[in-house]
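In: Okay, structure incoming, though there's no sequence with it:
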Ligand SMILES: NC(=O)C1=CN([C@@H]2O[C@H](COP(=O)(O)OP(=O)(O)OC[C@H]3O[C@@H](n4cnc5c(N)ncnc54)[C@H](O)[C@@H]3O)[C@@H](O)[C@H]2O)C=CC1
Ligand SMILES: O=C([O-])CC(=O)C(=O)O
């Protein structure tokens, strides 16, 4: 059905709940397109390798025509060898009594060696999406430990927040999801993130003007999107998994295959100083992409005082996280 060579995709945390929702869609062609074979390399901690073998048995049992091979390993050097796409999902969750610095340190123990393994072994065209939280700063740790890989190959995921914002706007306006474009998430994948509808469009009309409801924006829309992850945990007793996997697919799909004309997506990418966001932190911006993997931060959007304050607050949080990982010697 296709004569393309398989693309090697490395997935970490493969035995976790996002992994379980993600791997089958990658293998079905949702990630890289319906004519692109994939080869999976699954990284897990040693005690989880048995569970990964079970997932591989299920992948086998799907008989996906595009799935060329699957291999599990507990060695990051093997997982990233020849990888063109890296989905870094496995992370250390926050446990009771753990301070943010402890969390960053524990994740440093994961993302530093993974960055080094990517540096040493990945394919030249490697593209990395960090999903595991705190995603933006984990991505910065990985990028900083891969000095030979261009920094712009390390992204963090704010596509779930982007999709959540579209869903809320669709509910509020009654418009179909497909008719909503140009939504932006700015900043960190955390409760400080700023979902921005001032440049969004609903059927081509400015979304903020159409909604014309500042109280809804401030007291409903923004906090709902910011706190959606916590609301899911509260309702489900476990964090978002299928929607997170779906967003990871969307992010990489659009990064590799391009965004539709006239629209953009939210991606956490290394700041080049655009919109006054301090250079070097991995922060969410409106981005367009071209087939092949180039992206650009959308330029020239007008930012009013309301948006400015919120973008700055989230960027400041990322600057503080960067200072903390610097102090820990992780970057
Ligand atoms: N950026 C985003 O929008 C979102 C991020 N997340 C984050 O994604 C991460 C994964 O979530 P789940 O799959 O639900 O968690 P999970 O706990 O079900 O799975 C995580 C897996 O990672 C594995 N792991 C731990 N250390 C590893 C290492 N060094 N190498 C390889 N694998 C390792 C664990 O053994 C576990 O199987 C969490 O950090 C979560 O907070 C979740 C939802 C949305
Ligand atoms: O807080 C979590 O672990 C889950 C998360 O990031 C989200 O759903 O946005």
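Out: All right, it came through fine. Computed from a predicted structure; not experimentally measured. Ligands and ions are numbered 1, 2, ... in the order given.

In: Could you find the closest non-adjacent residue to residue 277?
Out: Spatially, and ignoring its direct neighbours in sequence, residue 277 is nearest to residue 271 (4.3 Å; CB to CB, 6 or more residues apart in numbering). From N, CA and C alone the C-beta is placed, and that goes for glycine too.

In: What is the burial count for that neighbour?
Out: Applying other CB atoms under 10 Å, we find 20 residues neighbouring residue 271.

In: now do the same end-to-end measure for stretch 76-95.
Out: One end of stretch 76-95 to the other measures 24 Å (CA to CA, to the nearest Å).

In: any bit of that stretch sitting next to ligand 1?
Out: Yes - for stretch 76-95 and ligand 1, the contact criterion (CB under 6 Å from any ligand atom) is met by 89-91, 93.

In: residues in the stretch 151-300 of the chain within reach of ligand 1, list them.
Out: 157, 160, 189, 239-241, 244.

In: What residue in the protein comes nearest to ligand 1?
Out: residue 16 (1.9 Å; CB to the nearest ligand atom).

In: Am I right that residue 295 is in a strand?
Out: Yes - residue state for residue 295 (DSSP: H, G, I helix; E, B strand; the rest coil) corresponds to a strand.

In: do you know how far it is from residue 140?
Out: 17 Å (CB to CB, to the nearest Å).

In: neighbour-wise, which of those two wins?
Out: residue 140 (30 against 21).

In: Let me know the secondary structure of residue 41.
Out: strand.

In: what's the longest strand in the chain?
Out: strand 282-290 (DSSP state E).

In: packing partners for that strand?
Out: helix 135-144, strand 154-156, strand 184-186, strand 265-270, strand 294-297, helix 305-327 (3 or more CB pairs under 8 Å, 6 or more residues apart in numbering; DSSP states H and E).

In: Nearest to residue 176 among these would be which one?
Out: Across those, the minimum distance to residue 176, taken as CB to CB, is reached by strand 265-270, at 17.9 Å.

In: what residue is smack in the middle of this protein?
Out: residue 157 (1.6 Å; CA atoms, centre = their mean).

In: hang on, that one packs against residue 129?
Out: Yes - between residue 157 and residue 129 there is a contact under CB atoms under 8 Å: 5.9 Å.

In: Could you look up the SS state of the closest residue to ligand 2 within the stretch 1-150 of the chain?
Out: Closest to ligand 2 within the stretch 1-150 of the chain is residue 133: 5.2 Å, counting by CB to the nearest ligand atom. With three-state DSSP as the basis, residue 133 sits in coil.

In: so it touches residue 92, yeah?
Out: No - the criterion here is CB under 8 Å, and residue 133 misses it with residue 92 at 9.0 Å.

In: Output the contacting helices and strands for the stretch of helix or strand residue 58 belongs to.
Out: Using DSSP states H and E, residue 58 sits in helix 49-62. Here helix 49-62 touches helix 17-28, strand 38-43, strand 67-73, going by 3+ CB pairs under 8 Å, 6+ apart.

In: Direction included, what does the last one pair against?
Out: Going back to what we said before, that points to strand 67-73. Neighbouring strands of strand 67-73 in its sheet, by DSSP bridges, are strand 38-43 (parallel).

In: Which positions in the partner strand come out as buried?
Out: 38-43 (16 or more other CB atoms under 10 Å).

In: Ok, stretch 229-236 next?
Out: Buried-residue list, stretch 229-236, by 16+ other CB under 10 Å: 229, 232.

In: before we move on, what about stretch 211-227?
Out: 211, 217, 221-222, 224-226.

In: re the thing from before, give me the common contacts of residue 157 and residue 129.
Out: 248, 251 (CB atoms under 8 Å, 6 or more residues apart in numbering).

In: if we can go back for a sec, against residue 83, how distant is the residue nearest to the centre of the chain?
Out: Taken as CB to CB, the span from residue 157 to residue 83 is 17 Å.

In: Same check on residue 4?
Out: 17 Å.

In: More neighbours: these two, which one.
Out: Higher neighbour count among residue 4 and residue 83: residue 83, with 25 against 12, using other CB under 10 Å.

In: And the pLDDT for the closest residue to that one other than its chain neighbours?
Out: Once flanking residues are discounted, residue 83 sits nearest to residue 10: 4.1 Å by CB to CB, 6+ apart. pLDDT for residue 10: 99.

In: ok so residue 10 is a strand residue?
Out: Yes - Residue 10: assigned to a strand according to three-state DSSP.

In: okay, now it: neighbour count?
Out: 31.

In: That one reaches residue 89, doesn't it?
Out: No - between residue 10 and residue 89 there is no contact under CB under 8 Å: 10.4 Å.

In: Can you give me the domain assignment for the protein?
Out: As given by the TED database, the domain ranges for the chain are 7-156, 158-325.

In: How far does the shortest one sit from its chain's centre?
Out: Taking CA atoms, centre = their mean, to the nearest Å, one finds domain 7-156 lying 12 Å from the centre of the chain it belongs to.

In: Likewise for stretch 3-19?
Out: On CA atoms, centre = their mean, the centre of stretch 3-19 falls 15 Å from the chain's centre.
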